[in-house]
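Trainee: Using only what follows, build the 3D model:
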Amino acid sequence: MKHSRLDAKVHESQNLLAQVLGQLRVQFDLPAEFPPQVMAEARQAVSGHALPPADLTGLPFVTIDPPGSTDLDQAMYLERAEAGYRVWYAIADLPSFVVPGSALDAETRRRGQTLYVPDGRIPLHPEIISEDAGSLLPGRNRAAYVWEFRLDRQANVLSVALRRATVRSQAKLSYAEVQQDIDSGDAPEYLQLLKEIGLKRIELERRRGGASLNIPDQEIAHDGRHYFIVSSPPLPVEDWNAQISLMTGMAAAQLMLEAGVGILRTMPAPDTEAEAHFRRQTQALDHPWAEDVPYGEYLRGLDASDPRQLALLHAAASLFRGAGYTAFDGQIPEEKLQSAIAAPYAHTTAPLRRLVDRFVLVICEAHCAGTEVPQWARDALPDLPRLMSVSDQLAARVDRAAFDAVQAALLSHRVGEVFDAVVISGSRPGNGQPAANGNGSGPAGTIQLRHPAVTARCYGVLESGTAVRARLIEADIAAQTIRFELDGAAT
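Mentor: All right, here's what the predicted structure looks like:
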């Protein structure tokens, strides 16, 4: 009988969760279908689209993406060249589908980026472009902005070129199968080179003081009956692949700085207080950050399968705050660095899913060709930081609400239970909300449960980095709220 009641509660919570997740689009007033004029322009752009005359279809490009992806922004081919390497990196030629000043242009500026919700996605561009004619799908000739990098033996960039060309991807690969092929030794040379170059670029990142937060990927999944959260550490190949994208973004930033016009993705360096606070957390969790070790190297050494070190990876996000976009035209900005990368950087490799990349590609290609940057691209620069900031904030709110609702559903039948946890951020004064005991506002912080992997608000006097026991006092699916109260120190 007890199990029957529990099953009924779980079933009830899953039904409510499905309703809540289905209402996210309404709750956040997310864009619905594209207006008729936008769809008409998209169809016209596809039917009248002409491929670039430069032909690189002889290069065996491949894409590497999560299974099921159809909006394929990047394709690559790597080869040995002289004493180093040559990297060909094709990015979907989205600018050729969008007429500046058109209704489609205006709609993409309103959306900012593709948004992801548990029951699907809300694309930046109509799917006939983003998942068909503009996507680098295998076996089809496609327009692309093709970056050509020449690297030395240590994978330092020696030269950069960018031009529009026609490409043809040979295969759509997943991260898992590429990792398996590389590990088995059966991968073709260009995939083996992805590992070779990727590892060398990681070493270059370490030397310049850059950092990567290798926090396990989390996504909401559905098995036909239940929603749940899948958490898995990123595969090494994802890091190697990301290094190619980072290299491209760094090259784009340098080109725009040389041209004196563009838009950078910037982030200030951590302030001394935040750094000191994080160092105290590393000591409390028995994994101290040595003074002579760069923080990027320290973060790469953390093991996400260890709950305490996973908590440190989450806490390290406090060092990565203040990211934004810095546009310039004529005067180089004082703040140029993306501190986590430890270099100037620009978003340029995901134009199907992110608005700003379209403009970066056009600006960089004009500089490489020695031509003037189109006026429509320059005119857009002052407003792009605001558009991207609004879009980023909306995406973060939607994502947080979805995860909070799923976590609440997973815990809704466990109210009153006590869990082992690690404090990610210590107590802060109350903000007027009721405390756990109902006596008004009180101190509260953020904890990371050891199992399940849930991050939540906890009331009580909490010290960052300490292990605690926390009692679940609320798991409200409809309100997307989870709250704990301190039950005592962990034994």
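Trainee: Can you list the residue ranges for strands in the stretch 301-450 of the chain?
Mentor: Applying DSSP state E, counting those that start in this stretch to the stretch 301-450 of the chain gives strands spanning 324-329, 337-338, 343-344, 418-428, 444-449.
Trainee: What are the contacting residues of the fourth one?
Mentor: Identification of contacts with strand 418-428 by Cβ atoms under 8 Å, 6 or more residues apart in numbering yields 285, 307-308, 311, 314-315, 318, 443-451, 455, 458, 460-472, 484, 487, 490. For every residue, glycine as well, the C-beta is placed using N, CA and C.
Trainee: If any of those residues are buried, put those into a PyMOL selection.
Mentor: Burial among the contacts of strand 418-428 is assessed by 16 or more other Cβ atoms under 10 Å; the matching PyMOL selection reads:
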select buried, resi 285+307+308+311+314+315+318+443+444+445+446+447+448+449+450+455+458+460+462+464+465+466+467+468+470+471+472+484+487
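Trainee: which residues does Trp201 contact?
Mentor: Check again: residue 201 is Arg, not Trp. 155, 240, 243-244, 246-247.
Trainee: which SS class is His49?
Mentor: Under the three-state scheme (DSSP: H, G, I helix; E, B strand; the rest coil), His49 adopts coil.
Trainee: What is the burial count for it?
Mentor: 15 (other Cβ atoms under 10 Å).
Trainee: need the contact list for it.
Mentor: 96-97, 133, 143.
Trainee: Surely Arg358 and Pro95 touch.
Mentor: Yes. Arg358 lies in contact with Pro95 (Cβ atoms under 8 Å); the separation is 5.2 Å.
Trainee: low-confidence ranges in the stretch 151-300 of the chain?
Mentor: Scanning the stretch 151-300 of the chain for pLDDT under 70 picks out the ranges 216-218, 220-231.
Trainee: And the strands in it?
Mentor: With DSSP E, counting those that start in this stretch as the criterion, the stretch 151-300 of the chain has strands at 157-174, 217-222, 227-232, 261-266.
Trainee: Of those, which stretch is the most buried?
Mentor: Comparing the strands of the stretch 151-300 of the chain by mean neighbour count (mean count of other Cβ atoms under 10 Å), strand 261-266 comes out on top with a mean of 25.
Trainee: Which elements pack onto that one?
Mentor: helix 236-259, strand 324-329, strand 337-338, helix 355-369 (3 or more Cβ pairs under 8 Å, 6 or more residues apart in numbering; DSSP states H and E).
Trainee: how about the ones you listed in JSON lines, adding distance to Arg109 and mean neighbour count?
Mentor: Listed next are the helices and strands packed on strand 261-266 as JSON lines, based on distance: least, Cβ to Cβ, whole Å; neighbours: other Cβ atoms under 10 Å:
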{"stretch": "helix 236-259", "distance to Arg109": "20", "mean neighbour count": "21"}
{"stretch": "strand 324-329", "distance to Arg109": "14", "mean neighbour count": "18"}
{"stretch": "strand 337-338", "distance to Arg109": "23", "mean neighbour count": "20"}
{"stretch": "helix 355-369", "distance to Arg109": "6", "mean neighbour count": "23"}
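Trainee: Indicate which one of the strands of the stretch 151-300 of the chain is closest to Ala396.
Mentor: Nearest to Ala396 among these is strand 217-222 (13.8 Å), distances taken as Cβ to Cβ.
Trainee: Of the strands of the stretch 151-300 of the chain, which is nearest Asp119?
Mentor: Nearest to Asp119, of all those, is strand 217-222, at 8.5 Å by Cβ to Cβ.
Trainee: Asp65: how many residues sit nearby?
Mentor: 18.
Trainee: I'd assumed Leu72 was in contact with it.
Mentor: Yes. Taking Cβ under 8 Å as the definition, Asp65 is a contact partner of Leu72 at 5.9 Å.
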